[in-house]
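1. Here is my input, please return the structure:
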Amino acid sequence: MSKLLPIVVILVLAAGGGWWFLQDDAPSGDAPAPVEVAQAPAEAPVTGDAAIDAPATPAGDAARLAEDAATAAQDAGQLADDATADPQVDGQAAAEAAADAAADAAAIAADAAAEAARASEDTGTGPASEAADAAEAAAVAALEAADRAAAAAAGATSGVAALAPAEAAEEAGAAAQDAAAAASDTADAAGVAARIEALMTPEGFDRSGVEAIIDGSALPDAQKETLKRLVAAAEGNPQLLASALEQVKAVMR
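-> As a prediction, this is how the structure comes out:
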């Protein structure tokens, strides 16, 4: 269900542990290429929702909640849409259910976007910042769609004083599905931010991934090499590694 955002993030190829960046020449169009992320090389590649496989961190948990809420809004929106073709279904009730689900998805997406922003501030890396910006934009879109769903359920949308139950269900259903898609985008972006945040900790550390983040930064080449040597020297010692990663984040902020 997720419609991934065209953001520049770090990709992980789990089999073999290779990392690469999504460059500007990535496929363009209405359906951006899926973003693949993984917490550690041992995991299987992620080819769909980044939120589902996000690490067990506050940002990762928020991403999963947003994806669950997006699924609920999508289902409610589809039921409302189906109600227009079934006279036995209460269209107004279906519209109200869709509006409620859209509102929940939008609120939870906003929480996920806030967690993505916090994770971005913690890591100080460009990819995390871009993921946080994408999460925020998608959360705003979810809120706007939820407002449309609420207006339809209330029977007053697009300047119409009152909508018939079937029309209300149709409008609310479509808006709820828009909110679901936006919330899912938020979840994916928050999941990416969560993975990058985890990568920059001793627990989620992967040297090649950290080096990819350093190489993709705007730092001078000499400073990049210094940071990579610092990380390499600290690998294997959790205390030294924690200090080295904090230094990397401080320099990149």
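2. which ones are touching D100?
-> By C-beta atoms under 8 Å, 6 or more residues apart in numbering, the contact set of D100 is A76. In short, each C-beta sits where N, CA and C put it, glycine included.
3. how close does it sit to L241?
-> According to C-beta to C-beta, to the nearest Å, D100 and L241 sit 46 Å apart.
4. Could you do A93 as well?
-> For A93 relative to L241 (C-beta to C-beta), the value is 56 Å.
5. ditto for D61
-> In this view, D61 and L241 are 24 Å apart by C-beta to C-beta.
6. about what we covered before: in terms of neighbours, single out the busier of A93 and L241.
-> A count of neighbours by other C-beta atoms under 10 Å puts L241 above the other of A93 and L241, at 21 against 15.
7. Not counting stretch 64-72 itself, show me its contacts.
-> Taking C-beta under 8 Å, 6+ apart as the rule, stretch 64-72 contacts 1-2, 49, 51-52, 54, 101, 104-105, 108-109, 111-112, 179-181, 183-184, 186-188, 190-191.
8. Apply 6 Å and report the result again.
-> 49, 51, 101, 104-105, 108-109, 112, 180, 183-184, 186-187 (C-beta atoms under 6 Å, 6 or more residues apart in numbering).
9. just stretch 230-249 next, same as before
-> In contact with stretch 230-249 (C-beta under 6 Å, 6+ apart) are residues T123, G124, M200, P202, R207, V210, L227.
10. average pLDDT for that stretch?
-> For stretch 230-249, mean pLDDT rounds to 94.
11. CA atoms only for that stretch, dumped as CSV, please.
-> These are the backbone C-alpha positions of stretch 230-249, laid out as CSV (Å, rounded to 0.1, in the frame of the first residue of the first chain):
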residue,chain,number,x,y,z
LEU,A,230,38.4,7.1,13.8
VAL,A,231,35.4,4.8,13.4
ALA,A,232,37.6,1.9,12.1
ALA,A,233,40.0,2.3,15.1
ALA,A,234,37.1,2.1,17.5
GLU,A,235,35.3,-0.9,15.9
GLY,A,236,35.1,-3.8,18.3
ASN,A,237,35.2,-1.6,21.5
PRO,A,238,31.7,-0.5,22.4
GLN,A,239,32.8,2.4,24.6
LEU,A,240,35.3,3.7,22.1
LEU,A,241,32.8,3.2,19.3
ALA,A,242,30.1,5.1,21.1
SER,A,243,32.5,8.0,21.6
ALA,A,244,33.7,7.9,17.9
LEU,A,245,30.1,7.8,16.6
GLU,A,246,29.2,10.8,18.8
GLN,A,247,32.2,12.7,17.3
VAL,A,248,31.0,11.8,13.8
LYS,A,249,27.5,13.1,14.5
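12. and stretch 72-80, how far from the chain's centre?
-> 20 Å (C-alpha atoms, centre = their mean, to the nearest Å).
13. in that stretch, what counts as buried?
-> Residues A72, A73, Q74, D75, A76, G77, L79, A80 are the ones in stretch 72-80 that count as buried (16 or more other C-beta atoms under 10 Å).
14. Keep only those of those residues that are in helices.
-> Residues of those located in helices (DSSP state H): A72, A73, Q74, D75, A76, G77, L79, A80.
15. can you map out the strands along the chain?
-> 10-13, 18-21 (DSSP state E).
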